[in-house]
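S.K.: Just need the structure, nothing else, for what follows:
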Amino acid sequence: MPRKPYYGIIGNGETCALISPKGSIEWLCLPRFDGKIVYSKALDPQRGECIELKILEDGKEPVVRNCSQRYLNKTAVLETVMVFDSLLAEITDFMPLNKEAAFRSRRAIFRTIKIKNEGQEARHVEIKMYSGISTEKHKDVGDGIIFSDSIFIGFILYGQSETIIQPKKEAVFSCAMVYGTNQKEVEKEMRKLKNTDLRKELQECIGFWINWFDRGKHVWFESMDFANMYFRSLLTVKMLIYEKTGAMVAAATASFPAIPGGTENWDYRYTWIRDSYFAMRALLRSGHYDEVERMLEFFFSIQDKNGQWLSPLYTVDGKRLGKEIVVEELTGPSGEDHIRIGNAAAQQLQLDSEGSILHTAYLYYLFTEDDEFLAKHWNGIKKAARWTAKNYYRKESGIWESRNRLEHYTYGKVMCYVGLESASKIAHILGKKDEWKQLKERLRKLIVKKAWSDQRQAFLQTFEKDAPIDISVLALEDYGIVKPEDPKMKKTVRLIESKLVKDNAVVRYEDAPLPFYLPTLWLASHYIRSGNRKRAAELLQKCIESSTELYLIAEHFDPQYKAQYGNFPQAFNAAMFVEQLLNITEKKNMLHFLKIFELELDDLKKIFMFDKRKLIEEAQRLMGWPDEKIR
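M.R.: Residues are numbered from 1 along each chain as shown. From the prediction side, this is the model:
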């Protein structure tokens, strides 16, 4: 079954819009990612509003025979193609990005509509756009400004809205939507944009995205699926970054149901430390260091004076969230009635936060050798490590943000160890006192002992001996606490395969109803590390096959029907895709290099000052997560 159409996403570093395969803008929050939900038809098809596009042929709305979407190369410029009986429409949507160093978003969406008459007779074609939020639900807007609470929106039509198109000829229609928080702001921007050259704006937008992508690592992939998934996943991570502060939202949407008919409908339009950690790893691996530096600067700027991050998530400008509320005006696509704005997880204790920041700071140094950055933030690093040392023993809500129980979650304890280990290494780099050498070793031994269950013969989700098996226990292997070849890890993976895997798709923990991209990719990472490339490729391919036609992914997925569930697109799933595609590709390339040249041991020693075994180990380590500087 081919990948299914769903939504395309465009963005400008301040907010983003979801566009349907029929050209409607069906999700848009203004003026920024976590702002007012102005258009929400993607969530609630019955009561949600949208900016609707209608193409009229000889005064009537023709039947759409086929529609599809694609991106222009490695960009966030979206093309939607609609096929009618005698007309072919190509819609190009993009949001301009500001080129200045001092960020100020260009608050507009540009759209061009090219229509070709493929019939044998001339056709009268008219373009109409409906705002969806005016007093008349389907009012033809044209030029003018409409108002919705604290958001003002202006529409500009460039040139004609109707024309006669001769057979085999085409016509181009252009328009823009401008938004702001007051009428004067919108009127000023509209005056500027009324005379703008849309072709120039489009070329500048294309140039921005291509130049950004090309600043990173250049990788050759063995398949177009791998390449397309890598490009789109990396660009998605970038598109979800709020450029004013460098913070990244977990997803573009709020309360898209994670399970059809369920109540797990959460607002993801905020900056999670954990999700940002996965994103920063992907950005480092792909060579985009500036974004990582800015994200770390953001997090250090909101660190509490006691060293802790008081919340696992924040608004994009670094504020703590208010109360979570249930919105009665909206329901989900299947009538789900728990539509939430805000997120009560902001009040939870999640012990992986400090370790995530400390480990990223250490990784950032490994990739950039920027010891000045470490020195600048040594006080914050030290305080975070000291807080971890005093609090690692506490129960918490865990990686999956349980709302009904506090436990000693294995993943949280692992990240406490990782944080102390990273702080120790940073201390050595800076010539500072290592306060955590003995404690981190005691913690490592404690985790190995307590996470293991003789009863279930596996490392488990919590320290309870009858706890569920959970994909996050693979963190033990990720950070070298337990090796992949360890008999206990092998038994753990066998239990994961038995309890969490169905048709090469993986759920988070036992009895979870739907597969999740992150766990499936996490299991692939185990097989890459342990040398079972075939099994890893099967898992990666299952995720790619389940993605949308644009290689975008939500939170959960149905591998049978290729359906997306949960908020969309989700950043840490995309980030994990970037990592694992690099892992499987670079490991193969390095081993292929060694095989082609059949270098002798003495030659390797001369060239690399390593023996052959050590070279392979160090190369693989560098392609994963280097523990030590490799020069």
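
S.K.: all helices of the stretch 301-450 of the chain, in order?
M.R.: 352-368, 371-376, 378-391, 410-430, 437-451 (DSSP state H, counting those that start in this stretch).

S.K.: Show me what the shortest one is packed up against.
M.R.: Going back to what we said before, that points to helix 371-376. Judged by 3 or more Cβ pairs under 8 Å, 6 or more residues apart in numbering; DSSP states H and E, helix 371-376 is in contact with helix 352-368, helix 410-430. The way it works is simple: take the backbone N, C-alpha and C, and place the C-beta from them, glycine included.

S.K.: now these as a markdown table including mean pLDDT, mean neighbour count and distance to Gln183?
M.R.: Converted to a markdown table, the helices and strands packed on helix 371-376 look like this (pLDDT from 0 to 100; neighbours: other Cβ atoms under 10 Å; distance: least, Cβ to Cβ, whole Å):
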| stretch | mean pLDDT | mean neighbour count | distance to Gln183 |
| --- | --- | --- | --- |
| helix 352-368 | 97 | 23 | 41 |
| helix 410-430 | 98 | 24 | 48 |
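
S.K.: could you dump these to JSON lines with distance to Met82?
M.R.: As requested, the helices and strands packed on helix 371-376 are arranged in JSON lines below (distance: least, Cβ to Cβ, whole Å):
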{"stretch": "helix 352-368", "distance to Met82": "43"}
{"stretch": "helix 410-430", "distance to Met82": "45"}
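
S.K.: between those helices, which gets nearest to Glu49?
M.R.: helix 352-368 (36.5 Å; Cβ to Cβ).

S.K.: for the helices of the stretch 301-450 of the chain, which one sits closest to Ser20?
M.R.: Comparing those under Cβ to Cβ, the one sitting nearest is helix 352-368, at 35.1 Å.

S.K.: wait, which of the helices of the stretch 301-450 of the chain is closest to Ser174?
M.R.: Of the helices of the stretch 301-450 of the chain, nearest to Ser174 by Cβ to Cβ is helix 352-368, at 42.7 Å.

S.K.: export the closest one as CSV, just CAs?
M.R.: Provided in CSV are the C-alpha atoms of helix 352-368 (Å, rounded to 0.1, in the frame of the first residue of the first chain):
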residue,chain,number,x,y,z
ASP,A,352,15.7,13.1,32.9
SER,A,353,15.7,16.9,32.3
GLU,A,354,19.0,17.9,34.0
GLY,A,355,20.8,14.9,32.5
SER,A,356,19.5,15.8,29.0
ILE,A,357,20.9,19.3,29.2
LEU,A,358,24.3,18.2,30.7
HIS,A,359,24.8,15.5,28.1
THR,A,360,23.9,17.8,25.3
ALA,A,361,26.4,20.4,26.6
TYR,A,362,29.1,17.7,26.6
LEU,A,363,28.2,16.4,23.1
TYR,A,364,28.2,20.0,21.8
TYR,A,365,31.8,20.3,23.0
LEU,A,366,32.8,17.0,21.3
PHE,A,367,31.4,18.2,18.0
THR,A,368,32.6,21.8,18.1
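
S.K.: quick one, that helix and helix 378-391 angle?
M.R.: 140 degrees (axes from the mean of the first three to the mean of the last three Cα atoms, to 10 degrees).

S.K.: Spatially, what comes nearest to the residue lying farthest from the centre of the chain if we skip its sequence neighbours?
M.R.: The C-alpha centroid of the chain is most remote from Glu121, which lies 46.9 Å away (Cα atoms, centre = their mean). Leaving aside its sequence neighbours, Glu121 sits nearest to Pro167 (Cβ to Cβ, 6 or more residues apart in numbering; 6.4 Å).

S.K.: Let me know whether my guess that the one you found is in a helix holds.
M.R.: No - counting by DSSP: H, G, I helix; E, B strand; the rest coil, Pro167 is not found in a helix; it is coil.

S.K.: how many other residues sit next to it?
M.R.: 13 (other Cβ atoms under 10 Å).

S.K.: Ok, Ile584 next?
M.R.: 23.

S.K.: I'd like the helices of the stretch 301-450 of the chain laid out as a markdown table, including distance to Asn306.
M.R.: Listed next are the helices of the stretch 301-450 of the chain as a markdown table, based on distance: least, Cβ to Cβ, whole Å:
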| stretch | distance to Asn306 |
| --- | --- |
| helix 352-368 | 11 |
| helix 371-376 | 20 |
| helix 378-391 | 6 |
| helix 410-430 | 15 |
| helix 437-451 | 18 |
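
S.K.: Ok, which of these comes nearest Gly23?
M.R.: helix 352-368 (39.4 Å).

S.K.: Now do the closest one and helix 410-430, the angle between them.
M.R.: Helix 352-368 runs at 40 degrees relative to helix 410-430, counting by the same axes, to 10 degrees.

S.K.: Quick check, pLDDT for the closest residue to Leu349 other than its chain neighbours.
M.R.: Of all residues not flanking Leu349 in the chain, Glu396 sits nearest, at 4.6 Å (Cβ to Cβ, 6+ apart). We have a pLDDT of 98 for Glu396.

S.K.: Now the residue nearest to Lys22 when sequence neighbours are not counted: phi and psi?
M.R.: Nearest residue to Lys22 in three dimensions, chain neighbours excluded: Cys67, at 5.7 Å (Cβ to Cβ, 6+ apart). Note on Cys67: backbone dihedrals following degrees, to the nearest 10 are phi -150, psi 150.
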